[in-house]
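Novice: How does the following fold in three dimensions:
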Amino acid sequence: MRLTRVGTCEGGTCPTVYATDRGTFVVRGAVVDDPEALAAASVPAHETLVEVPADLLLNLKAGS
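Specialist: Down below sits the predicted model:
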């Protein structure tokens, strides 16, 4: 899988969004380990939730 960074925060190692050569996106961020949040989202064992700053996604939408 080839990743192309399409959004990140300033400063290096922080949450990032990548486009893949598969037509999907990969999100790097903090793994959500709160049992209530995982249960509320009905997350299956092979998936997880990732938390990223709202600004990261808002900047993607704005095209930056």
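Novice: from memory residue 2 sits against residue 23, does it?
Specialist: No: using C-beta atoms under 8 Å, residue 2 is not in contact with residue 23; the gap is 11.5 Å. Placement of C-beta: from N, CA and C, glycine included.
Novice: for residue 55, what are its contacts?
Specialist: residue 9 (C-beta atoms under 8 Å, 6 or more residues apart in numbering).
Novice: Oops, could you answer that again for residue 60 instead?
Specialist: 6, 7, 17.
Novice: Mind doing that once more with 10 Å?
Specialist: For residue 60, the contacting residues are 6, 7, 8, 17, 25, by C-beta atoms under 10 Å, 6 or more residues apart in numbering.
Novice: how far away is it from residue 50?
Specialist: Distance, residue 60 to residue 50, using C-beta to C-beta, to the nearest Å: 14 Å.
Novice: For the one helix or strand residue 6 maps to, give the mean pLDDT please.
Specialist: According to DSSP states H and E, residue 6 maps onto strand 3-8. Average pLDDT, strand 3-8: 90.
Novice: Please apply the same query to stretch 16-25.
Specialist: Stretch 16-25 shows a mean pLDDT of 94.
Novice: Show me what counts as buried in it.
Specialist: 16, 17, 18 (16 or more other C-beta atoms under 10 Å).
Novice: Among the residues you listed, which one sits closest to residue 29?
Specialist: Proximity of the buried residues of stretch 16-25 to residue 29 (C-beta to C-beta) peaks at residue 16, which lies at 7.9 Å.
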